[in-house]
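[1] coords please:
(2 chains)
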Amino acid sequence: QKEVEQNSGPLSVPEGAIASLNCTYSDRGSQSFFWYRQYSGKSPELIMSIYSNGDKEDGRFTAQLNKASQYVSLLIRDSQPSDSATYLCAGGINAGNNRKLIWGLGTSLAVNP
Amino acid sequence: GAVVSQHPSRVICKSGTSVKIECRSLDFQATTMFWYRQFPKQSLMLMATSNEGSKATYEQGVEKDKFLINHASLTLSTLTVTSAHPEDSSFYICSARDLTAGELFFGEGSRLTVL
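    As a prediction, this is how the structure comes out:
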């Protein structure tokens, strides 16, 4: 069974620190990976997508992909209290004629002022 | 990013009634839309994949006769919860894939409460 695993947390970091969120996946055929942020009671919001090995940076966010080790991570620099949310990792797979995402259960992040 | 609009955001209904939720992609065409359900403090659960012009593909354990999905155009998919019961109370979220970007964007979600 194809899986995406995340540590549920909560991960607690002080304001201004770097938050590191990790995700592993089981399907070596996955080619695309996504990080979503979900505030309580709201729908997920796309933060980063990454398709190739290495780092991808966007503002305070850096996604890292290592296909050999089958992990994806998200670094949040200069963490702010507004970053407190659940972060969902997803991997894209081909399912018949459709592409679908396999979701992790999410990591809860708390940034303390 | 792309915009996906979902309506209504909140609905309260009596047990036994049907509720329709609409999902629209506002600035891109979506041949495929996805419907999710999320219970409190749990992760997203994919219910079905909605394909424009064809029947939806339901995940195991999801009753296709209870959760009717129609994807009549490239910008609109609807989910109808038929004969709703209190256990159907949940947060229903649609998403659509932007074919050019390959990324999945979510609607705002619809919180259904069945009394």
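
[2] helix, strand or coil for A:Tyr87?
    At A:Tyr87 the chain is in strand, as set by DSSP: H, G, I helix; E, B strand; the rest coil.

[3] for it, give me its contacts.
    A:Tyr87 makes contact with A:6, A:21, A:35-38, A:47, A:74, A:106-107, A:109, according to C-beta atoms under 8 Å, 6 or more residues apart in numbering or on different chains. For glycine as for every other residue, the C-beta is placed from the backbone atoms N, C-alpha and C.

[4] name whatever forms a beta bridge with it.
    Note on A:Tyr87: beta-bridge partners by DSSP bridges are A:Arg37, A:Thr107.

[5] any idea how far it is from B:Ser89?
    Between A:Tyr87 and B:Ser89 the computed distance is 26 Å (C-beta to C-beta, to the nearest Å).

[6] with A:Lys100 instead?
    Counting by C-beta to C-beta, the gap from A:Lys100 to B:Ser89 is 25 Å.

[7] and the two? Which one has more around it.
    Counted by other C-beta atoms under 10 Å in any protein chain shown, A:Lys100 and B:Ser89 do not tie: A:Lys100 has more neighbours, with 21 against 17.

[8] roughly how far apart are that one and A:Cys23?
    Separation of A:Lys100 from A:Cys23 (C-beta to C-beta): 17 Å.

[9] any regions of chain A where pLDDT drops low?
    A:1-2, A:95-99 (pLDDT under 70).

[10] all strands for chain A, in order.
    Under the criterion DSSP state E, chain A contains strands at A:4-6, A:11-14, A:19-25, A:32-38, A:45-50, A:54-58, A:61-66, A:71-76, A:85-95, A:98-103, A:107-112.

[11] now distance to B:Leu99 too, for those strands, in TSV please.
    Below are the strands of chain A laid out as TSV (distance: least, C-beta to C-beta, whole Å):
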stretch	distance to B:Leu99
strand A:4-6	23
strand A:11-14	34
strand A:19-25	23
strand A:32-38	13
strand A:45-50	14
strand A:54-58	21
strand A:61-66	22
strand A:71-76	23
strand A:85-95	13
strand A:98-103	10
strand A:107-112	29
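
[12] can I get the contacts of A:Tyr87 in CSV including distance to B:His71?
    CSV is the format used below for the contacts of A:Tyr87 (distance: C-beta to C-beta, whole Å):
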residue, distance to B:His71
A:Gln6, 31
A:Leu21, 34
A:Trp35, 27
A:Tyr36, 23
A:Arg37, 27
A:Gln38, 25
A:Ile47, 27
A:Leu74, 32
A:Gly106, 28
A:Thr107, 32
A:Leu109, 35
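
[13] nearest to B:Ala30 among those?
    A:Tyr36 (17.5 Å; C-beta to C-beta).

[14] quick one: contacts for the closest residue to the closest one other than its chain neighbours?
    With sequence-adjacent residues excluded and distances taken as C-beta to C-beta, 6 or more residues apart in numbering or on different chains, A:Tyr36 is closest to A:Pro44, at 3.8 Å. By C-beta under 8 Å, 6+ apart, A:Pro44 lies in contact with A:36-38, A:88, B:44, B:93, B:106.

[15] no further queries at this time; thank you.
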